[in-house]
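Visitor: Would you be able to build a 3D model of this:
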Amino acid sequence: MRIAVLDIGGTSIKSGIYEKNALSGIKETPTNAYRGGEAVMKTAREVLRLYAPFDSIGVSTAGQVDADKGVIRYANSNIPGYTGMNVKRILEREFGVPVAVENDVNAAALGEGIFGAGAGEKDFLCITYGTGVGGAVVSDGKLWRGSCFSAGEFGAMVIHGEDRNAKEDLFSGCYERYASVTALVAKASAWESQLDSGRKIFARLAEEPVRRLVDDWIREVIWGLVSLIHIFNPSCVVLGGGIMEQPYILERIRELLYENIMPSFRNVKVLQAELGNTAGLLGAAWIAENLKLL
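Guide: Numbers count the residues shown, from 1 in each chain. Sure thing, here's the model as predicted:
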């Protein structure tokens with residue numbers, strides 16, 4: 001079975017072909033998200049034509065996704081006009097093959113669960129740290145999507161109630177405002193303007209003030225993990241996002257986490273995501289390949 005796969009993000013659309021348990025022909029195309037949802041879907045169709053013929057399509061995409069209907073339930077202003085887009089119908093009409101559509105973090109979690117760090121784990125969480133904080137829950141080997149396909153919005157957990165002002169900012173006091181890479185860079189650049197990227201921050205990790213900034217950020221990551229582990233009792237937590245490739249972060253998370261959770265929860269493993277940018281593609285491919293089983 002030859003499956004064309006897309007991973008639609010705010011910056012780029014990753015694409016490839018999945019066949020015989022392997023990806024090939026991987027490309028990246030600018031999303032040009034500012035042009036809006038219609039333009040993004042036009043680009044998606046153009047990219048897919050490069051891979052024809054194929055038997056089905058798997059799509060991993062930003063936004064909250066009704067996976068049954070293949071509709072974007074909600075997308076923020078990064079892709080204007082994307083909310084309500086029926087991705088499944090648009091692509092099925094264009095190419096005449098079955099199409100599966102899933103939220104990008106959910107797809108990445110499936111990819112990691114089947115092909116990567118979570119392989120063999122039936123109950124795990126996948127959490128990505130980047131511009132925001134994304135999450136997915138795998139229970140008994142299956143995605144747990146919630147009542148309306150929106151489960152796993154871990155970035156919206158309120159962890160600093162003293163900063164909460166929902167009328168002005170619905171994400172005030174929330175996890176992603178403190179534990180995202182955006183939050184780390186904002187704090188570091190406020191201290192020194194040259195520290196305007198994660199890469200620059202970690203290049204100077206040996207400097208005591210910089211390390212203190214990073215350690216403070218890691219504690220914010222920990223506070224969210226403590227709550228999630230106590231709520232879901234997973235066998236492992238898979239941490240993704242480019243920043244988690246920094247050995248110092250994973251080492252410090254493991255040091256701090258176990259002393260902050262109940263002894264009966266300390267069986268949980270903290271793992272670095274293994275598949276990088278291909279996790280969403282592989283997850284989308286698996287969903288498309290198993291459409292009849294879902």
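
Visitor: was I right about Q194 contacting I201?
Guide: No. Contact status for Q194 versus I201: not in contact, 9.9 Å apart, counting by C-beta atoms under 8 Å. The way it works is simple: take the backbone N, C-alpha and C, and place the C-beta from them, glycine included.

Visitor: The two: which has the busier surroundings?
Guide: I201 (26 against 11; other C-beta atoms under 10 Å).

Visitor: In a helix, G113, correct?
Guide: Yes. Membership of G113 in a helix is supported by DSSP: H, G, I helix; E, B strand; the rest coil.

Visitor: Report the separation between it and L91.
Guide: According to C-beta to C-beta, to the nearest Å, G113 and L91 sit 25 Å apart.

Visitor: cool, L291 as well?
Guide: 13 Å.

Visitor: For the two, work out which one has more neighbours and name it.
Guide: Each of L291 and L91 has its neighbours counted (other C-beta under 10 Å); L91 has more, 24 against 12.

Visitor: quick one, strands of the stretch 151-294 of the chain?
Guide: 236-240, 269-272 (DSSP state E, counting those that start in this stretch).

Visitor: could you dump the ones you listed to JSON lines with mean neighbour count and mean pLDDT?
Guide: JSON lines is the format used below for the strands of the stretch 151-294 of the chain (neighbours: other C-beta atoms under 10 Å; pLDDT from 0 to 100):
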{"stretch": "strand 236-240", "mean neighbour count": "25", "mean pLDDT": "96"}
{"stretch": "strand 269-272", "mean neighbour count": "17", "mean pLDDT": "96"}
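
Visitor: need those strands in JSON lines with distance to A166, can you?
Guide: As requested, the strands of the stretch 151-294 of the chain are exported to JSON lines (distance: least, C-beta to C-beta, whole Å):
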{"stretch": "strand 236-240", "distance to A166": "28"}
{"stretch": "strand 269-272", "distance to A166": "31"}
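
Visitor: closest to S189 out of the ones you listed?
Guide: Checking the strands of the stretch 151-294 of the chain against S189 by C-beta to C-beta gives strand 236-240 as the closest, at 23.5 Å.

Visitor: tell me what the closest one is packed against?
Guide: helix 104-115, strand 124-129, helix 208-232, strand 269-272 (3 or more C-beta pairs under 8 Å, 6 or more residues apart in numbering; DSSP states H and E).

Visitor: In terms of secondary structure, what does the second one contact?
Guide: Using 3+ C-beta pairs under 8 Å, 6+ apart as the contact criterion, the elements in contact with strand 124-129 are helix 104-115, strand 133-139, helix 208-232, strand 236-240.

Visitor: repeat that with 10 Å
Guide: Contacts defined by 3 or more C-beta pairs under 10 Å, 6 or more residues apart in numbering; DSSP states H and E place strand 124-129 against helix 104-115, strand 133-139, helix 176-179, helix 181-191, helix 208-232, strand 236-240, strand 269-272, helix 279-289.

Visitor: Can I get those in CSV including distance to T61?
Guide: As requested, these are exported to CSV (distance: least, C-beta to C-beta, whole Å):
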stretch, distance to T61
helix 104-115, 6
strand 133-139, 12
helix 176-179, 19
helix 181-191, 21
helix 208-232, 24
strand 236-240, 17
strand 269-272, 24
helix 279-289, 9
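
Visitor: sorry, back to before: same list, the helices and strands packed on strand 236-240, but as TSV with distance to A183 please.
Guide: Shown next, in TSV, are the helices and strands packed on strand 236-240 (distance: least, C-beta to C-beta, whole Å):
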stretch	distance to A183
helix 104-115	18
strand 124-129	9
helix 208-232	7
strand 269-272	20
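
Visitor: Could you list the low-pLDDT ranges of the stretch 151-294 of the chain?
Guide: 292-294 (pLDDT under 70).

Visitor: repeat that with 80
Guide: 291-294 (pLDDT under 80).

Visitor: Same question for the stretch 1-150 of the chain.
Guide: For the stretch 1-150 of the chain (pLDDT under 80), the answer is none.

Visitor: quick one: the helices in it?
Guide: Applying DSSP state H, counting those that start in this stretch to the stretch 1-150 of the chain gives helices spanning 37-49, 87-95, 104-115.
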